[in-house]
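[1] Predicted model follows, preceded by the sequence.
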Amino acid sequence: MVVGVALTRRTQRFGEFARAVEVALRARDIELDADVVDQILRNRVDAVAELMDVTPRTALGYAPADLPRIIADAVAEASESLPETMPCGRLRPDLRVVG
C-alpha cells in the first residue's frame, strides 16, 4: 500500500466531489454531516488506491465523474435498510432523513 497525505476538502477535486455528494444526498432528502461525507468519500478513494497500489491523490485523479452519484446511491440504499433507532433505543447517529 502506498501511503500519502490524507485528502481533505482543500484538495480541489476531493472538495468538488464531497460537495456534489452532499447535493445528491439532499436531492434524496438525506443530510449527513460534512465529516461523514468526507469519510465515506475518503474510504472509497483509499480502497481504490490500495487496489491500484497508488496514492489516494492519484486514485482520486482516476475517479469517474459520477462518483458522487454512486456514493449517494449507496448511502440512500443503506439508509433504507437502517432502523430509525439502534438496538439500545437511541436514534441512529449522523444520518437524518428529511421529509
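    It's in. Numbering: from 1, shown residues only.
[2] Between the two ends of stretch 57-76, what distance do you get?
    Using C-alpha to C-alpha, to the nearest Å, the span of stretch 57-76 from its first residue to its last is 26 Å.
[3] Going by neighbour count, which residues of it are buried?
    57, 59, 60, 63, 67, 68, 71, 72, 75, 76 (16 or more other C-beta atoms under 10 Å). In this view, the C-beta of every residue, glycine as well, is placed from N, C-alpha and C.
[4] Closest to residue 18 out of those residues?
    The shortest approach to residue 18 among the buried residues of stretch 57-76 belongs to residue 68, at 8.1 Å (C-beta to C-beta).
[5] What sits closest to the closest one if chain neighbours are left out?
    Of all residues not flanking residue 68 in the chain, residue 20 sits nearest, at 3.5 Å (C-beta to C-beta, 6 or more residues apart in numbering).
[6] which of the residues in stretch 30-44 are buried?
    30, 32, 37, 38, 40, 41, 42, 44.
[7] again, but for stretch 11-28
    11, 14, 17, 18, 20, 21, 22, 24, 25.
[8] so where does the second one fall, helix or strand?
    By that I understand residue 14. Element membership for residue 14, per DSSP states H and E: helix 12-27.
[9] CA atoms only: put that helix into PDB for me.
    What follows is helix 12-27 as a C-alpha-only set of coordinates in PDB (Å, rounded to 0.1, in the frame of the first residue of the first chain):
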ATOM      1  CA  GLN A  12      -9.900  20.800  -5.200                       C
ATOM      2  CA  ARG A  13     -11.200  17.500  -6.800                       C
ATOM      3  CA  PHE A  14     -11.900  16.000  -3.400                       C
ATOM      4  CA  GLY A  15     -13.800  19.100  -2.300                       C
ATOM      5  CA  GLU A  16     -15.800  19.200  -5.600                       C
ATOM      6  CA  PHE A  17     -16.800  15.500  -5.100                       C
ATOM      7  CA  ALA A  18     -17.700  16.000  -1.500                       C
ATOM      8  CA  ARG A  19     -20.000  18.900  -2.200                       C
ATOM      9  CA  ALA A  20     -21.500  17.000  -5.100                       C
ATOM     10  CA  VAL A  21     -22.300  14.100  -2.800                       C
ATOM     11  CA  GLU A  22     -24.000  16.400  -0.400                       C
ATOM     12  CA  VAL A  23     -26.100  17.900  -3.200                       C
ATOM     13  CA  ALA A  24     -27.000  14.400  -4.500                       C
ATOM     14  CA  LEU A  25     -28.000  13.400  -0.900                       C
ATOM     15  CA  ARG A  26     -30.100  16.500  -0.300                       C
ATOM     16  CA  ALA A  27     -32.000  15.700  -3.600                       C
END
